[in-house]
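Participant: Fold the following for me, if possible:
(one chain, ligands or ions: 1)
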Amino acid sequence: MDNNYRKDFPLLLTREEKGRRLVYLDSAATSQKPLSVIKAIEGYYRNYTANPHRGAYTLSEDATGLYEKAREKAAHFIGCNNPQEIVFTAGTTEAINMVALSYGRAAVKEGDEILITVAEHHSNLLPWQRLAKEKKAVLRYVYGDEQGQISLGEWEEKINSRTKIVALGHISNVLGGINPVEEISRMAHRHGAVVVLDGAQSVPHIKINVKELDVDFLAFSGHKMLAPAGIGVLYARKGLLDSMEPLMLGGGIVEEVGEQSVVFMDAPWKMEAGTPNVEGAAGLAAAIDYLNQVGWTNIHNIEKQLLEYALERLNGLNEVEVYGSKHPENRAGILAFNVKDVHPHDVASILNSYGVAIRAGHHCAQPLMKHLGVSSTCRASFYLYNTLEDVDIFIDALSKVREVLGYGT
Ligand code: PMP
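Facilitator: Model prediction:
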């Protein structure tokens, strides 16, 4: 079976690996780009190249229009109707660091608590670890069960009046587990804490509404949602963003500068020092258009079908251990697994010889690896351009790994 969307992704149609069709199963690392996104970036270079917010000439005004339209589109995409709550960043990593360094440094005091999960990507761990050290605050963790499923009871137990920040990934980039953000936000707010949501793995795959989730900050990356690298978003609740100090200082963020003084522009512009990534924003806007056109129901149905089929076939392989929930309804299209007695890097390189691209390693989540009792895992992740045929090629190749290494089947 070939789904309708694969044909929109030029690389998937033309690239071969070891003389075979490329089966790309590493979308949790980065996604492929549809032709419409590639064309939007080219369109900027061909028709709009200019520095926005600077020139009084029409070309610069056009570039400004393109950039600010992308901001409006990003706002609607995540259910916030105020573009002034959207800061363009280089990606999730920069966005979370911005919150930690700007909001966190002002809000967190000695003895306060910052609460994260053991499954966090290092991007949503290290900024909080450093902040906690600097402020003599306490970095606490919720752990969940051996499948990584965290009960609301454990959140309830760990959020208290000392908690100032609750920072969590919406969907784990290893286990694919989906956290119940609405309930966690409610608990956090009851205790006066703010909620920082790492949406790197959720925004590309499920409909997000920041108002319904009731989060204070949301970070995500363009490159995981069909857009180019180097563009991402920090959503921040208006009042909070207004109160934040700009992290980077430079051009394009001031009303007035004196020798010893500065008056910053309003948010979000005060947070975006330097020449902005207009081509990235144009690509992000085109990616949002593409995702909207496909629709969340289709995206959900494709990924659900891929996940259910892959899980069913993986469960049929005796020597493969899958991490995380065994129930497809509790997880997104990310599958971490290991093959008995085989190092994940060997699995990945044998799969590569069959044209299958998967990730192997610690996935920038070392505390989680430790919690699971492994040093690394393989990871296959899906997106809307994958097909059941991709899953078949992947599992057929996987079933040969131990044989290739001389273990027998
Ligand atoms: N958080 C999660 C859950 C991720 O999967 C990633 C990317 N692997 C990041 C944060 C960091 O994203 P980026 O590298 O695009 O800044």
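
Participant: CA atoms for contacts and neighbours, from now on please.
Facilitator: OK.

Participant: Please, which helix or strand holds the nearest residue to residue 324 once chain neighbours are set aside?
Facilitator: Using CA to CA, 6 or more residues apart in numbering and skipping the chain neighbours, the partner closest in space to residue 324 is residue 147 (4.3 Å). Using DSSP states H and E, residue 147 sits in no helix or strand.

Participant: Spit out the contact partners of residue 147.
Facilitator: Residues in contact with residue 147 (CA atoms under 8 Å, 6 or more residues apart in numbering) are 323-325.

Participant: For ChimeraX, write the select line for the buried members of those residues.
Facilitator: Command for ChimeraX that selects the buried part of those, burial taken from 16 or more other CA atoms under 10 Å:
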select :323,324,325
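
Participant: in stretch 368-385, what counts as buried?
Facilitator: Result for stretch 368-385 [16+ other CA under 10 Å]: buried residues 368-369, 371-372, 376-385.

Participant: could you check whether it is close to the ligand?
Facilitator: No. If you take CA under 6 Å from any ligand atom as the test, stretch 368-385 misses the ligand, and the best it gets is 11.1 Å.

Participant: and that stretch, how far out from the chain's middle?
Facilitator: 15 Å (CA atoms, centre = their mean, to the nearest Å).

Participant: Endpoint to endpoint, that stretch covers what distance?
Facilitator: End-to-end span of stretch 368-385 (CA to CA, to the nearest Å): 29 Å.

Participant: go on, stretch 326-336?
Facilitator: OK, stretch 326-336 end separation, CA to CA: 11 Å.

Participant: Now do the buried residues in it.
Facilitator: Buried-residue list, stretch 326-336, by 16+ other CA under 10 Å: 328, 331-336.

Participant: Then stretch 236-244?
Facilitator: Quick answer for stretch 236-244 (16+ other CA under 10 Å): 236-238, 241-242, 244.

Participant: now these in JSON lines, with secondary structure, pLDDT and distance to residue 92?
Facilitator: Output for the buried residues of stretch 236-244, formatted as JSON lines (DSSP: H, G, I helix; E, B strand; the rest coil; pLDDT from 0 to 100; distance: CA to CA, whole Å):
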{"residue": "236", "secondary structure": "strand", "pLDDT": "98", "distance to residue 92": "13"}
{"residue": "237", "secondary structure": "coil", "pLDDT": "97", "distance to residue 92": "17"}
{"residue": "238", "secondary structure": "helix", "pLDDT": "93", "distance to residue 92": "19"}
{"residue": "241", "secondary structure": "helix", "pLDDT": "96", "distance to residue 92": "17"}
{"residue": "242", "secondary structure": "helix", "pLDDT": "96", "distance to residue 92": "20"}
{"residue": "244", "secondary structure": "coil", "pLDDT": "97", "distance to residue 92": "18"}
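
Participant: can you map out the strands along the stretch 251-400 of the chain?
Facilitator: Ranges of strands within the stretch 251-400 of the chain are 254-257, 262-264, 320-322, 334-339, 356-357, 359-361, 377-381, based on DSSP state E, counting those that start in this stretch.

Participant: Worst mean pLDDT across the helices and strands of the chain, which element?
Facilitator: strand 16-17 (a mean of 89; mean pLDDT, DSSP states H and E).

Participant: name the helices or strands packed onto that one?
Facilitator: Counting contacts by 3 or more CA pairs under 8 Å, 6 or more residues apart in numbering; DSSP states H and E, strand 16-17 is packed against no other helix or strand.

Participant: any residues touching the next helix or strand after that strand, and which ones?
Facilitator: Going down the chain from strand 16-17, the next helix or strand is strand 20-21, by DSSP H and E. The contact list for strand 20-21 (CA under 8 Å, 6+ apart) reads 15, 354-355.

Participant: and these, which are buried?
Facilitator: 354-355.

Participant: what does this protein have sitting close to the ligand?
Facilitator: So far as CA under 6 Å from any ligand atom goes, the chain lies against the ligand at 29, 91-93, 121, 123, 169, 172-173, 198, 200-201, 221.

Participant: Buried ones among these?
Facilitator: Counted by 16+ other CA under 10 Å, those give 29, 91-93, 121, 123, 169, 172-173, 198, 200-201, 221 as buried.

Participant: In helices, which of these fall?
Facilitator: Counted as lying in helices by DSSP state H, out of these, are 92-93.

Participant: List the buried residues for stretch 178-192?
Facilitator: Those would be 178-179, 181, 184-189, 192, for stretch 178-192 by 16+ other CA under 10 Å.

Participant: CA atoms only for that stretch, dumped as CSV, please.
Facilitator: Extracted C-alpha coordinates of stretch 178-192, given in CSV (Å, rounded to 0.1, in the frame of the first residue of the first chain):
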residue,chain,number,x,y,z
ILE,A,178,1.5,10.9,25.8
ASN,A,179,1.2,12.9,29.1
PRO,A,180,-2.2,14.2,30.3
VAL,A,181,-1.2,17.8,30.1
GLU,A,182,-4.6,19.4,30.9
GLU,A,183,-4.8,17.6,34.3
ILE,A,184,-1.1,18.4,35.1
SER,A,185,-1.6,22.1,34.2
ARG,A,186,-4.6,22.2,36.5
MET,A,187,-2.6,20.8,39.4
ALA,A,188,0.4,23.0,38.8
HIS,A,189,-1.8,26.2,38.6
ARG,A,190,-3.6,25.2,41.8
HIS,A,191,-0.2,25.5,43.5
GLY,A,192,0.9,28.6,41.7
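
Participant: If the closest residue in space to residue 28 that isn't next to it in sequence is in a bridge, with which residues?
Facilitator: Closest residue to residue 28 apart from its sequence neighbours, by CA to CA, 6+ apart: residue 381 at 5.7 Å. When assigned by DSSP bridges, residue 381 has beta-bridge partners residue 26, residue 334.

Participant: doesn't residue 23 make contact with residue 381?
Facilitator: No. Residue 381 sits out of contact with residue 23 when judged by CA atoms under 8 Å, with a separation of 11.0 Å.
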